[in-house]
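1. prediction below, plus the sequence it came from.
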Amino acid sequence: MRQVLALGLPQAVLPPLARPAVDFLRQAGFRGGETDVLAQAAASAPYLVHLAMSSAFMWAANAATVIPSCDSVDGRCHIVVANLLATPHRALEGPARAAMFRQLWRDPNLVVVHDPLPPNPALSDEGAANHCRLTPAHAHCGWHLLVYSRASDLPRRDLPRVFPGRQSREASLAVARLGQLLPDRAFLARQHPRAIDAGAFHNDVVMVGTCDRLLVHEYALVEQDLVLQTLRHHLPTLRIFQVAQHDLSLRHAVRSYLFNSQLLGTGQGYVLLAPMQSSHGAAAQVIRRLLDDGFITRVIFQDLDQSMAGGGGPACLRLCLPLTPQEVTTLRPGIVLDEGKLQWLETWVDHYYRETLTPQDLADPTLLSETQQALEALTQGLELDALYPFQQARPSTPR
């Protein structure tokens, strides 16, 4: 966050979700107060406790798909929250994230937050990790590449063989409808099964694009030449850099997370915020070519070992929101980032985060209390109203 802020790019803080997800455990039949529910679940259903404690929401790129107001039929910004049905621990995130987004924007007439798609496997939606918005130079309106990995009418032979596809075509189309995306601004493309089987569960592991730049692996998409030709037709100024398999194999692309870098347009050109894992080997050679070609003007390598160990790189840690100045003013001001807010957040982390955490600690009622204290302090520090279920459940103070 500090690196991006230093580049002059505005940011806002997306607060974490409350964990453990006590309401989820209650829906599974456990009763009583929060500590009772946690103790009962830990004793008889530890797997459910693991789901309820998942912190995968840190990968904000999966939170939603954003259709900016200039690209929508009704001229409003649309945020379609992802249902994340592909994995059981992430399927818990959608409803809580939608409720949170609605509290972070103060004017629903300008920024519309949509609930996740229905929890049906045919509508499996993984958010912005499978969405890329491109804009021509000096233009505000953009074209949207919606990437899916499976569809109801695809024969089995066309599906990945090692890992299942997570994003359905039906979901991508539904997101475009909900977001009122202008029909001529949407392009659907299928992620290549080879990329998925190599471990690229989301398209942002083999492709990254912003403004008039698109960096893509040779095996990112099915019928990729036709897709790129179509994009060039609509965006004549688009610069595409395709990385060949023999220059960077899919295996090394996934291992280095080069394509999961943040590609940032700044006043001084395009900056690649890349994980340290791509600073050596074949990935580093590709980056050198990007610099020599002028595709990017600078690279910043960031140590993100903890995120990388869980399968997340730089692009996983942010959600891009193309907002108008008026829409920005509807954000809760306390979540807008500056140096003072960064320092406050670092102090908050130092104070509240445990140095070590074991699986046995997940059911510790002391951890539950510590977590709620931390979120209480965070809510106050970000100048937000009651944001979490444990805050909203308190009896209101009589006036």
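-> Thanks, I have it. Residues are numbered from 1 along each chain as shown.
2. Val113 is in contact with Gln103, isn't it?
-> No - taking contacts as Cβ atoms under 8 Å, Val113 lies outside contact range of Gln103: 9.4 Å. All C-beta spots, glycine's among them, are computed from the backbone N, C-alpha and C.
3. between those two, which one's more packed in?
-> When Val113 and Gln103 are compared for neighbours, Val113 comes out ahead with 20 against 14, by other Cβ atoms under 10 Å.
4. which one is that one nearest to, not counting chain neighbours?
-> Phe101 (4.4 Å; Cβ to Cβ, 6 or more residues apart in numbering).
5. buried residues, the helix or strand containing the one you found. List them.
-> Per DSSP states H and E, Phe101 falls inside helix 93-104. For helix 93-104, the neighbour count (16 or more other Cβ atoms under 10 Å) marks Glu93, Gly94, Pro95, Ala96, Arg97, Ala98, Ala99, Met100, Phe101, Arg102, Leu104 as buried.
6. can you pull out the strands in this structure?
-> Ranges of strands within the chain are 64-67, 77-81, 111-114, 131-134, 143-148, 186-190, 207-210, 213-217, 239-243, 262-266, 269-275, 298-302, based on DSSP state E.
7. what about Gln3, how many residues nearby?
-> 14.
8. also Gln392?
-> Other residues close to Gln392 by other Cβ under 10 Å number 11.
9. what's the answer for Leu228, then?
-> Other residues within reach of Leu228, judged by other Cβ under 10 Å, total 18.
10. tell me the pLDDT of it.
-> As predicted, Leu228 sits at a pLDDT of 97.
11. residue contacts, it?
-> Leu214, Val216, Ile240, Gln242 (Cβ atoms under 8 Å, 6 or more residues apart in numbering).
12. partner residues bridging the third one?
-> Meaning Ile240. In this entry, Ile240 is beta-bridged to Leu214, by DSSP bridges.
13. pull out the buried positions in stretch 345-364.
-> Leu345, Leu362, Ala363, Asp364.
14. using CSV, please lay out these together with distance to Glu339 and pLDDT.
-> Formatted as CSV, the buried residues of stretch 345-364 follow (distance: Cβ to Cβ, whole Å; pLDDT from 0 to 100):
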residue, distance to Glu339, pLDDT
Leu345, 11, 97
Leu362, 35, 89
Ala363, 38, 88
Asp364, 35, 91
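15. grab the longest helix from the chain for me.
-> In the chain, with assignment by DSSP state H, the single longest helix is helix 365-381.
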